[in-house]
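>>> after the sequence you'll find the predicted model.
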Amino acid sequence: MMPGEHKFRLGDVVRLRKAHPCGDDRWEVLRTGADFRMRCLGCNRVVMVPRSRFERSVKAVLGSVQDGYLAESQQDVDRGRAAGRKK
């Protein structure tokens, strides 16, 4: 592996350079290989993109599902929904 190159794993949560039409720019990696399958964390849409396009699009690796990244994010969303109900 070359310096600065990241090996992506299943369950990684990545931030892409351009936001999805739903407004979120965070994606969970569901499949790796010649093509990457990923799920938008905003609207749950699943898409497949070629490896070269995926690697160019990734801005940052935010965490991993195995590390509890989604559980923490979901708690933030639940808090926001609960705050909205109090109004």
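Structure received. If you're wondering where the values come from, they're calculated on a predicted model, not measured in any experiment. Numbering: from 1, shown residues only.

>>> show me where this structure has strands.
Ranges of strands within the chain are 12-16, 26-31, 35-40, 46-50, 58-64, based on DSSP state E.

>>> how far does the longest one sit from its chain's centre?
So that's strand 58-64. Averaging C-alpha positions (Cα atoms, centre = their mean, to the nearest Å) puts strand 58-64 7 Å from its chain's average.

>>> what strands flank it, and is each parallel or antiparallel?
strand 12-16 (antiparallel) (DSSP bridges).

>>> and for the fourth one?
For strand 46-50, sheet partners with direction are given as strand 35-40 (antiparallel), following DSSP bridges.

>>> show me which positions of the strand it pairs with end up buried.
For strand 35-40, the neighbour count (16 or more other Cβ atoms under 10 Å) marks Phe36, Arg37, Met38, Arg39, Cys40 as buried. Any C-beta I mention is one placed from the backbone N, CA and C, and that applies to glycine too.
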